[in-house]
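J.: Okay, predicted coordinates and the sequence, questions at the end:
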Amino acid sequence: MGWRVGVATTGTSAETDGSRSRSIYRITPAGRQLLRAWFAEPGDPLAFECEAAVKAFFGSSSTLGAVRVQLETLRGEFRRASEATQPVARAWLDDELPFPDRLHYTAMAADLIARVRLATDAWAADWLERLDQWNSPDLDETNAAQAREVIEGLGDLIGAGLSENTDEQLEVAAEVPELGADLGGVTGDVMGAPRPVNAVASSSTRPTAPPSAKDRGR
């Protein structure tokens, strides 16, 4: 949104405990109007940043042991974050949070973070199992076969997700005719399909992930 003149006023607080005074910013009516307009604009998509994953991705310049360290680091972080989050979540249910009137949005944010962490932990666990079968950090017959299987599974997963997304949106379009024109081209193969309208698939019908190393061994 950027900083603009007139969106807020500034002042200082007089602290009675001897601590340093603080600057206080109060939003103006013009600032609130600008903020509402900004909230209505489409936001940037999810940006993923993970140094441990980047180090694992360049494993060909390292060793299998170093790649394993990165994946185990991610699993350890998930456990630490989960242990820290549990008491906080219990406190939220007891209305012990700074903004209780925003409980529903707190839950929305926590749900997204938890799902990303769960997915990352499952990914790290799966690739740790695959790594047990590798003989070298370089490409060979074993890890090449694994890679092809994963990529094929991802194609099926993404294709099923796009199909489900399209079906749901077309059902909405049947009820809201003006959406029909926007949804007419949301078909095709995974790589060549136009970008679909965003939708959240039901968790009960969401396609499953590519087979894990454990599933393949069954």
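T.: Okay, I see it.

J.: switch to C-alpha atoms for all contacts and neighbour counts from now on
T.: OK.

J.: isn't residue 120 right up against residue 74?
T.: Yes - contact criterion Cα atoms under 8 Å: residue 120 and residue 74 qualify, at 7.5 Å.

J.: Which of those two has more residues huddled nearby?
T.: Using other Cα atoms under 10 Å as the criterion, residue 120 and residue 74 rank with residue 74 on top: 22 against 17.

J.: from what I can see that one touches residue 121, true?
T.: Yes - if you go by Cα under 8 Å, residue 74 and residue 121 touch, sitting 6.6 Å apart.

J.: Show me the strands in the protein, by range?
T.: Secondary structure of the chain (DSSP state E): strands located at 8-12, 23-27.

J.: Can I get those in TSV including mean neighbour count, mean pLDDT and distance to residue 51?
T.: Listed next are those as TSV, based on neighbours: other Cα atoms under 10 Å; pLDDT from 0 to 100; distance: least, Cα to Cα, whole Å:
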stretch	mean neighbour count	mean pLDDT	distance to residue 51
strand 8-12	11	84	37
strand 23-27	12	88	35
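
J.: residues touching residue 118, list them.
T.: For residue 118, the contacting residues are residue 78, by Cα atoms under 8 Å, 6 or more residues apart in numbering.

J.: Mean pLDDT per helix and strand in this protein: which one sits at the bottom?
T.: Ranking every helix and strand in the chain by mean pLDDT, DSSP states H and E puts helix 180-183 at the bottom, with a mean of 41.

J.: Spit out the contact partners of residue 29.
T.: By Cα under 8 Å, 6+ apart, the neighbours of residue 29 are residue 7.

J.: please begin residue numbering at 100 from this point
T.: That works, and once the first residue is 100, the last one we named lands at residue 128.

J.: Just put the strands of the chain in JSON lines and tack on distance to residue 194.
T.: Shown next, in JSON lines, are these (distance: least, Cα to Cα, whole Å):
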{"stretch": "strand 107-111", "distance to residue 194": "31"}
{"stretch": "strand 122-126", "distance to residue 194": "27"}
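
J.: Which of those strands sits closest to residue 178?
T.: Comparing the strands of the chain by their distance to residue 178 (Cα to Cα), the top pick is strand 122-126, with 37.8 Å.

J.: For residue 227, which residues are in contact?
T.: By Cα under 8 Å, 6+ apart, the contact set of residue 227 is 167, 170-171.

J.: how about 10 Å then?
T.: Counting by Cα atoms under 10 Å, 6 or more residues apart in numbering, residue 227 touches 166-171, 221, 312.

J.: These, buried ones only, as a PyMOL selection?
T.: Here is the PyMOL command that selects the buried residues among the contacts of residue 227 (16 or more other Cα atoms under 10 Å):
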select buried, resi 166+167+168+169+170+171+221+312
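
J.: so can I have JSON lines of the contacts of residue 227 showing distance to residue 249?
T.: Formatted as JSON lines, the contacts of residue 227 follow (distance: Cα to Cα, whole Å):
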{"residue": "166", "distance to residue 249": "18"}
{"residue": "167", "distance to residue 249": "19"}
{"residue": "168", "distance to residue 249": "22"}
{"residue": "169", "distance to residue 249": "20"}
{"residue": "170", "distance to residue 249": "17"}
{"residue": "171", "distance to residue 249": "20"}
{"residue": "221", "distance to residue 249": "14"}
{"residue": "312", "distance to residue 249": "10"}
